[in-house]
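> structural data only, the sequence is not supplied:
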């Protein structure tokens, strides 16, 4: 007779119900791995990929949902107005920041949050293209072009001078200037190899841009409304040129739309920001040329990849605007929709875009750790603050001078 103490498997039946078969083990047996077909292996990898994404995506989407419901509840219960004065995006962001910095974020959420910040955000921005025709995109872009050039030039020249005056490495000043003036973290990451930046310099530049960009995200929608007397087009151009990162610009535009009930500011901010992003194709090679010229003929740096200097989601946004332009031409868009169905499709795309951006904004909050700012020191923070203030001031001055307020 077998001894239960020597073979504990004999006692497994004690926890089961008599007459009911025991559930199989969830893990795969080795024989199952070796007998899968190629298609089964591919589907198996897809399931594994979804398993790594689900925790982070579900958390960000849950915070976005709580932000929407919480803002509506606050408007109906606390303020007793039909339109809540509290932005759902702001609620989702603050909840994400609180969770990240008060509780901490387990590593199981990281893959999903990166997916939100990279792909969900870009998909939401691409869908915004369906709100505008190519003509409208071109009009906004042409008006915003001199403002963008002025803001970029201001940052590159003055921030580099301030950085030198404070005795910081030239590479750090270049990264902060490029990140503030063009495209936030993306521009910093693309510029770092061509100027041979150290890892800590990249981290400092990213921290500065994140900190002051986050402050602008919360404050600039209200500041822009006050500065430009409620003109949504001018406010949107200010948001698109004065705020650093694409995600932050999208969040600020959403806050403005939710707070003041006008979507034009989000449209203008998105178009101007995407035009700014395209300037990476010119500015990053320029920074590399200046850096190598200062170092002498022996300096060498890596070239950025083409998709880093020409973001693909910008092309996707233009493609969506082209689809909108073609769809608005006839009474039966693409020979598939009638007029009412086409409007419903555009409305559904706008709603989907809003949820994508809200989810990405929750991911921004969850991905922003404030502890890293403690090691920066006062000098990099001064450069970052000066960069944000100079670009914001240049944006306000140029919009006031160049944009017709009629």
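Looks like it arrived, so ask away. Values in this document were obtained by computation on a predicted structure and should not be read as measured data. Numbers count the residues shown, from 1 in each chain.
> let me see the mean pLDDT of the helix or strand where residue 149 lies.
Here residue 149, judged by DSSP states H and E, is contained in helix 134-154. Across helix 134-154, pLDDT averages out at 91.
> chain center to that helix: distance?
Taking C-alpha atoms, centre = their mean, to the nearest Å, the mean C-alpha location of helix 134-154 is offset from the chain mean by 21 Å.
> quick check: residue 177 vs residue 314, distance?
According to C-beta to C-beta, to the nearest Å, residue 177 and residue 314 sit 21 Å apart. C-beta coordinates here come from the backbone N, C-alpha and C atoms, glycine included.
> which of the two has more residues huddled nearby?
Using other C-beta atoms under 10 Å, the more surrounded residue of residue 177 and residue 314 is residue 177, with 31 against 21.
> I figured that one hits residue 160, correct?
Yes. Here residue 177 lies in contact with residue 160, judged by C-beta atoms under 8 Å, at a distance of 5.7 Å.
> could you say which helix or strand holds the closest residue to residue 121 other than its chain neighbours?
Once flanking residues are discounted, residue 121 sits nearest to residue 360: 3.7 Å by C-beta to C-beta, 6 or more residues apart in numbering. Taking DSSP H and E as the definition, residue 360 sits inside helix 339-366.
> remind me what that helix packs against, helices and strands.
Judged by 3 or more C-beta pairs under 8 Å, 6 or more residues apart in numbering; DSSP states H and E, helix 339-366 is in contact with helix 38-73, helix 88-98, helix 121-128, helix 246-260.
> name the residues that touch stretch 235-243?
Residues outside stretch 235-243 that contact it (C-beta atoms under 8 Å, 6 or more residues apart in numbering): 140, 143-144, 147-148, 151, 213, 216-217, 220-221, 224-225, 227-228, 249, 252-253, 256, 264-273, 276, 391-392, 395-396, 398-399, 403.
> quick one: residues contacting the residue nearest the centre of the chain.
Averaging the C-alpha coordinates of the chain gives a centre point, and the residue nearest to it by C-alpha atoms, centre = their mean is residue 247 (2.6 Å). Shown in contact with residue 247 (C-beta under 8 Å, 6+ apart): 117, 121, 184, 360-361, 364.
> how about low-confidence regions in the protein?
Scanning the chain for pLDDT under 70 picks out the ranges 1-34, 75-76, 78-85, 292, 294-310, 372-376, 405-406.
> quick one: residue 176 and residue 163 touch, right?
Yes. Counting by C-beta under 8 Å, residue 163 is a contact partner of residue 176 at 7.0 Å.
> what's the overlap in contacts for the two?
Counting by C-beta under 8 Å, 6+ apart, the contacts common to residue 176 and residue 163 are residue 383.
> between those two, who's got more neighbours?
Neighbour count, other C-beta under 10 Å: between residue 176 and residue 163, residue 176 has more, with 32 against 25.
> please identify the helix or strand for the more buried one.
helix 170-178.
> and that helix with helix 134-154, angle?
Relative orientation of helix 170-178 versus helix 134-154 (axes from the mean of the first three to the mean of the last three C-alpha atoms, to 10 degrees): 150 degrees.
> can you list the residues that contact helix 170-178?
Counting by C-beta under 8 Å, 6+ apart, 155-156, 159-160, 162-164, 187-188, 191-192, 195-198, 201-202, 204-205, 208-209, 283-284, 287, 291, 294, 380, 383-384, 387 sit against helix 170-178.
> I'd like to know how many residues surround the nearest residue to residue 249 once chain neighbours are set aside.
Spatially, and ignoring its direct neighbours in sequence, residue 249 is nearest to residue 273 (4.4 Å; C-beta to C-beta, 6+ apart). Residue 273 has 30 neighbours, counted by other C-beta under 10 Å.
> need the contact list for residue 273.
240-241, 243, 246, 249-250.
> so how far is the strand or helix carrying it off the chain centroid?
Using DSSP H and E, residue 273 maps to helix 264-278. Its chain's C-alpha centre and that of helix 264-278 lie 13 Å apart, by C-alpha atoms, centre = their mean.
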